[in-house]
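> take this sequence and fold it.
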Amino acid sequence: MGSIKRVGLSHALAASGFQVSLILSVVLALLNRFSTTVQVIAGVTALLIFLGLTGLEPSVLRAVIMGFGLLIGLANKRSVKPLGGLLLAAIILLIFNPMWIWDLGFQLSFLATLGLQVTSPSLVKSLDWLPSVFTSMIAVPIAAYIWTLPLQLYSFGVLSPYSIPVNVIVTPLISIISIGGVISAFLALISPIAGSASAWLLHYPTYAMLAIIDFFYKLPGNSIAVGTISAFLMIILYGLICLPWLRPKLQPYSWAIGLAAVALVFIPAGYVKANSLQITLLATLRDPILVIQDHGRIALVNSGDESTASSTVLPFLQKEGVNQLDWAIATLSNETTNAGWSALLDQIPTKSFYQLANLNTAENATIAQTVQTHQGRYLPFSIGQIMKMHSTSVALVNSKPEMVQFQIGEQNWLWLKDVPKKQQTELLSNPALQNNQVLWWSGKAIQSEMLDRLKPNVAIAYSNQVDPETVAQLEKRGVQFYSLGRDGAMRWTPQTKFEKTSGSDEKDALPI
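Alright, predicted model coming up:
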């Protein structure tokens, strides 16, 4: 399923206008010799069966309502205005459930349909040098892609370069599978044996489609993170998309409008990345996870478990436009965190992976293999070793318990692993405890002598359980205190200092 989404074929997993159009086309073609009444009744029946099989999803209801509109026009022998039908479908659905206006599936479905109606015809004309059988197969995915891309960049910050060619190649297979699936479901209501037999025949086109998807999925650059765009920029992009539609005289200059749109997305984003320093602490509650964005270079400290890596860390990196890590640093090593790294690094490779644990342990072999598969280096992280990346440096200053010091610009951060109170006295002589403006720790108890030695200006607990006595000691010393469990993800920049951010909730691209 992940590979299908990454190559831009999410709609193949969902019921949508494509399937409705296909069903009505087949039904009306098969009943072409019969009366209009028979065609309409059969079409309505097919749509109701389809709706019963798929459920009341916004994209399905939109397609079914527009299908009913087409049948009403057929019954009255009148042509149907597509834009009017789309507007009517939107009004009916929002009356039924006004909250759907915020549903991403609802938004993408209507934008894609609008694109098919206003942009697809002009694309078909521009492709008239091709055989007619190919023009619509190419124009339809391009039109849908153009009209949904700004919203997808606003929501996810990711684009699929192979989306259009994959759609063109697999459209015939999707048609066979969709029609076959409906027929199979109908036959299963009459005879389960007949339904199973017909479904078995769909194995071959399904296998062929998955093989094609897998081929494109393994190609480099199957999914590119460009970073999320602002709502203002999204509106500007849709304004540019509408220009050739509202002003047909501008259609010959669509290529220039497209170049302007690309420049608006990539040039400002590239400039900001190349000239900014930003530190983000993700609110994951169990493992300390920190992302350093330093003038175009990216470092990630810890990944969490597999669920955290896939649903929190990966979406955050994609929204920030990160396609590769310069550093990946594992300050924790166990079977759970290793699974998280493996899942993450398979999607976003790293140039250098540093691990505190013994390199020869069998637990780390999977990570080493994943890193090296993507031409990265798997390296030890030892005491006294200093890694420098532009204005950031990282050093392991103590091994048991682990203490990692970050020098970010002119500011020192100290990550301190859990240390029992009785062992904290042994650390007081360590010079790394001095001159640390930011303390990043688990929230466990810290004795007052150690706080006197640290003298932090800011203390950040990455757990939602914080020792109340330690908090009282911090407040007594006037230390600015944050708890990621209470405050959510935090972001630091030299300009704004610390501020709360929404972090990165899981958001999968929804089907059209």
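> residues near Ile348, how many?
Neighbour count of Ile348, defined by other Cβ atoms under 10 Å: 21. Just so you know, the C-beta spots here come from the backbone N, C-alpha and C atoms, and that holds for glycine as well.
> just to check, it is in contact with Asn323?
Yes - Ile348 is within contact range of Asn323, at 6.6 Å (criterion: Cβ atoms under 8 Å).
> shared neighbours of these two, anything?
Shared contacts of Ile348 and Asn323, defined by Cβ atoms under 8 Å, 6 or more residues apart in numbering, comprise Ala225.
> now stretch 495-502, how far from the centre of its chain.
23 Å (Cα atoms, centre = their mean, to the nearest Å).
> what does it contact?
Outside stretch 495-502, the residues that touch it by Cβ under 8 Å, 6+ apart are Thr280, Val458, Gln480, Tyr482, Asp487, Gly488, Ala489, Met490, Arg491, Trp492.
> isn't the first one right up against Val291?
Yes - taking contact to mean Cβ under 8 Å, the distance of 4.5 Å between Thr280 and Val291 places them in contact.
> between the two, which contacts overlap?
When contacts are counted by Cβ under 8 Å, 6+ apart, Thr280 and Val291 have Phe316 as shared neighbours.
> neighbour count: those two, which is higher?
When neighbours are counted by other Cβ under 10 Å, Val291 comes out ahead of the other of Thr280 and Val291, with 23 against 20.
> wait, Ser196 sits on Ala188?
Yes - if you go by Cβ under 8 Å, Ser196 and Ala188 touch, sitting 7.3 Å apart.
> picking that back up, quick check: the farthest pair among the contacts of stretch 495-502?
Thr280 and Gln480 (17.4 Å; Cβ to Cβ).
> tell me the mean pLDDT for the longest helix belonging to the chain?
In the chain, assigned by DSSP state H, the helix with the most residues is helix 163-190. Taken as a whole, helix 163-190 has an average pLDDT of 78.
> sorry, back to before: how about the contacts of stretch 495-502 in CSV, adding pLDDT and secondary structure?
CSV is the format used below for the contacts of stretch 495-502 (pLDDT from 0 to 100; DSSP: H, G, I helix; E, B strand; the rest coil):
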residue, pLDDT, secondary structure
Thr280, 91, strand
Val458, 90, strand
Gln480, 89, strand
Tyr482, 89, strand
Asp487, 83, helix
Gly488, 86, coil
Ala489, 87, coil
Met490, 88, strand
Arg491, 90, strand
Trp492, 89, strand
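> all helices for the stretch 401-512 of the chain, in order.
Ranges of helices in the stretch 401-512 of the chain, per DSSP state H, counting those that start in this stretch, are 421-427, 448-454, 468-476, 484-487.
> out of those, flag the one nearest Leu149.
helix 484-487 (33.4 Å).
> could you export that closest one as PDB, CA atoms only?
Taking C-alpha atoms only, helix 484-487 is exported to PDB below (Å, rounded to 0.1, in the frame of the first residue of the first chain):
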ATOM      1  CA  LEU A 484       6.900  18.300  25.500                       C
ATOM      2  CA  GLY A 485       4.100  16.100  26.900                       C
ATOM      3  CA  ARG A 486       2.300  19.300  28.100                       C
ATOM      4  CA  ASP A 487       3.400  21.900  25.500                       C
END
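> about what we covered before: show me how to select, in PyMOL, the buried members of the contacts of stretch 495-502.
Remark: buried members of these, expressed as a PyMOL selection using 16 or more other Cβ atoms under 10 Å:
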select buried, resi 280+458+482+487+489+490+491+492
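> would JSON lines of the contacts of stretch 495-502 with distance to Asp467 be doable?
As requested, the contacts of stretch 495-502 are exported to JSON lines (distance: Cβ to Cβ, whole Å):
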{"residue": "Thr280", "distance to Asp467": "25"}
{"residue": "Val458", "distance to Asp467": "17"}
{"residue": "Gln480", "distance to Asp467": "17"}
{"residue": "Tyr482", "distance to Asp467": "15"}
{"residue": "Asp487", "distance to Asp467": "17"}
{"residue": "Gly488", "distance to Asp467": "20"}
{"residue": "Ala489", "distance to Asp467": "22"}
{"residue": "Met490", "distance to Asp467": "19"}
{"residue": "Arg491", "distance to Asp467": "25"}
{"residue": "Trp492", "distance to Asp467": "23"}
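> which one of the contacts of stretch 495-502 is nearest to Val397?
When these are compared for distance to Val397 (Cβ to Cβ), Val458 comes out closest, at 18.9 Å.
> quick one: contacts for that closest one?
Residues near Val458 by Cβ under 8 Å, 6+ apart: Gln437, Val438, Leu439, Val479, Gln480, Phe481, Tyr482, Phe498.
> out of these, which is most surrounded?
Most neighbours among the contacts of Val458, by other Cβ under 10 Å: Leu439, with 25 neighbours.
> surely that residue meets Leu454?
Yes - using Cβ under 8 Å, Leu439 makes contact with Leu454 at a distance of 5.8 Å.
> returning to what we had before: the more surrounded of Ser196 and Ala188?
Neighbours were counted for Ser196 and for Ala188 using other Cβ under 10 Å; Ala188 has more, 16 against 12.
> chain neighbours aside, what residue packs nearest to that one?
Gly195 (2.6 Å; Cβ to Cβ, 6 or more residues apart in numbering).
> now do the contacts for that neighbour.
By Cβ under 8 Å, 6+ apart, the neighbours of Gly195 are Ser184, Ala185, Phe186, Leu187, Ala188, Leu189.
> likewise for Ala188?
Contacts for Ala188 (Cβ under 8 Å, 6+ apart) come out as Ala194, Gly195, Ser196, Ala199.
> if we can go back for a sec, joint contacts of Leu439 and Leu454?
Leu414.
> and after the helix or strand hosting Ala299, which helix or strand comes next?
Per DSSP states H and E: Ala299 is located in strand 297-301. Following strand 297-301 in sequence order, the next helix or strand is helix 306-308 (DSSP H and E).
> across the sheet, point out what pairs with Ile298.
Gln293 (DSSP bridges).
> looking at the contacts of Gly195, spot the one nearest Thr366.
Ser184 (39.9 Å).
> surely the closest one meets Thr206?
No - Ser184 is beyond contact range of Thr206, at 11.8 Å (criterion: Cβ under 8 Å).
> the residue nearest to Ala188 in helix, strand or coil?
For Gly195, the assignment made with DSSP: H, G, I helix; E, B strand; the rest coil gives helix.
> any idea how far it is from Val182?
To Val182, Gly195 is 11 Å away according to Cβ to Cβ, to the nearest Å.
> do Val26 as well
Going from Val26 to Val182 by Cβ to Cβ gives 9 Å.
> likewise Leu24?
11 Å.
> for those two, list the residues in contact with both.
With contacts taken as Cβ under 8 Å, 6+ apart, Leu24 and Val182 have Ala46 as neighbours in common.
> I appreciate the help and will end here.
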